[in-house]
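Engineer: From the sequence below, what's the structure:
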Amino acid sequence: MDAFRYLNRLGLKDIEKLDYAALCALQKAHLLKVPYENLDILADIPLKMDRESLYEKIVLRGCGGYCFELNGALGALLSALGFDVVHCMARFLKNEKEIPMRRHRVLKVNCDDGLFLCDAGVGIISPIFPVNLETAEEQKIGGEIYRVDKDDFLGTVIHQCIDGVWDRLFSFTDEPQLDIDFVMPSFYCEKHPDSPFTKGYMIAVLTEYGGKNALNENKLSYWDENGKHKIVLDSDEAIKEALVKYFGLPEDLPVPVIK
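Structural biologist: Prediction:
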């Protein structure tokens, strides 16, 4: 792990203090520079969870990944910088009517200012800055409001308020996880017929214009100084151009054809 090279990938310089401001800068930069994407899954390329492979994919090759990869890599960077990091298994609760399986990865991070949740591995609207885990009060983060509470079964639950409506975003329990613990749930996401990650493009990256650029199947939404735009991409070549222009992915990245 070359932390300085990783920081350069994020457009950042050295981190001087292990405080909340540094965590905010790191998480937002990760969301802006490293896209959420499932291209390897669609191309039937096995994913690796060890930090060396994640560093090679995200930093050296300039690719993105999904939650197990993105938060695995971010957690390794935070540890290399000196933060106290615990990797946790989570349940993604958004839009779920029943309790789902554990297939999300999040980070508990201790810094000079307290204990925070860091997560750079969500493709939809999510906290752009770390969430304070030591208060039950509402927290305004970006354009949304979040709060944290405890559940006897789910553990710590992150609630999200969008347009005045509260909903559960995800929950996690406190037992520390190793990189290898995420291999099995990731394999489910890569191979199981019920996995949403095998059905089509799921790509997103935060922008400085107030939202996330997103590609779902062949439907692209992107932001610029004039707001949000939606278009349909009608060819594989158009999709490849969009991956470079709107998501910052490498020009030589093989793009899987969706059948």
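Engineer: Identify the residues contacting stretch 164-182?
Structural biologist: Contact with stretch 164-182 is made by 49-51, 68, 72, 86-94, 104-106, 108, 117, 126, 146, 151, 154-161, as judged by Cβ atoms under 8 Å, 6 or more residues apart in numbering. For glycine as for every other residue, the C-beta is placed from the backbone atoms N, C-alpha and C.
Engineer: Surely residue 99 is in contact with residue 151?
Structural biologist: No. Between residue 99 and residue 151 there is no contact under Cβ atoms under 8 Å: 10.2 Å.
Engineer: Quick one, grab the pLDDT at residue 37.
Structural biologist: With respect to pLDDT, residue 37 has a value of 97.
Engineer: what's the answer for the one 10 residues further on, then?
Structural biologist: pLDDT, the model's per-residue confidence, is 97 for residue 47.
Engineer: pretty sure it is in a helix, no?
Structural biologist: No. The assignment for residue 47 (DSSP: H, G, I helix; E, B strand; the rest coil) gives coil, which keeps it out of a helix.
Engineer: For it, grab the count of nearby residues.
Structural biologist: 20 (other Cβ atoms under 10 Å).
Engineer: can you check the one 3 residues further on too?
Structural biologist: Counted with other Cβ under 10 Å, residues neighbouring residue 50 total 13.
Engineer: and what of the one 5 residues further on?
Structural biologist: For residue 55, the count of nearby residues is 22 (other Cβ under 10 Å).
Engineer: Could you give the average pLDDT over the host helix or strand of residue 78?
Structural biologist: Element membership of residue 78, judged by DSSP states H and E, is helix 67-81. Mean per-residue pLDDT for helix 67-81: 98.
Engineer: chain center to it: distance?
Structural biologist: 10 Å (Cα atoms, centre = their mean, to the nearest Å).
Engineer: Could you identify the helix or strand that succeeds it?
Structural biologist: Assigned by DSSP H and E, the successor of helix 67-81 is strand 84-92.
Engineer: Alpha carbons only: can I get that next one in CSV?
Structural biologist: Coordinates of each C-alpha in strand 84-92 appear next as CSV, following Å, rounded to 0.1, in the frame of the first residue of the first chain:
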residue,chain,number,x,y,z
ASP,A,84,-8.1,2.9,13.9
VAL,A,85,-10.4,1.0,11.5
VAL,A,86,-12.8,-1.9,12.0
HIS,A,87,-14.4,-3.6,9.0
CYS,A,88,-18.0,-4.6,9.6
MET,A,89,-20.6,-6.7,7.9
ALA,A,90,-23.8,-4.8,7.1
ARG,A,91,-27.4,-5.4,5.8
PHE,A,92,-28.5,-3.0,3.1
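Engineer: Which secondary structure elements does it sit against?
Structural biologist: Applying 3 or more Cβ pairs under 8 Å, 6 or more residues apart in numbering; DSSP states H and E, we find strand 84-92 packed against helix 67-81, strand 104-111, strand 165-172.
Engineer: For the most centrally placed residue in the chain, give me phi and psi.
Structural biologist: With distances taken as Cα atoms, centre = their mean, residue 121 lies nearest the centre of the chain, 1.3 Å away. Backbone geometry at residue 121, expressed as degrees, to the nearest 10, gives phi -120, psi 30.
Engineer: How about the contacts made by it?
Structural biologist: Residue 121 neighbours (Cβ under 8 Å, 6+ apart): 36, 65-71, 74, 104-106.
Engineer: what do you get for residue 112?
Structural biologist: 17-20.
Engineer: What of residue 251?
Structural biologist: residue 244.
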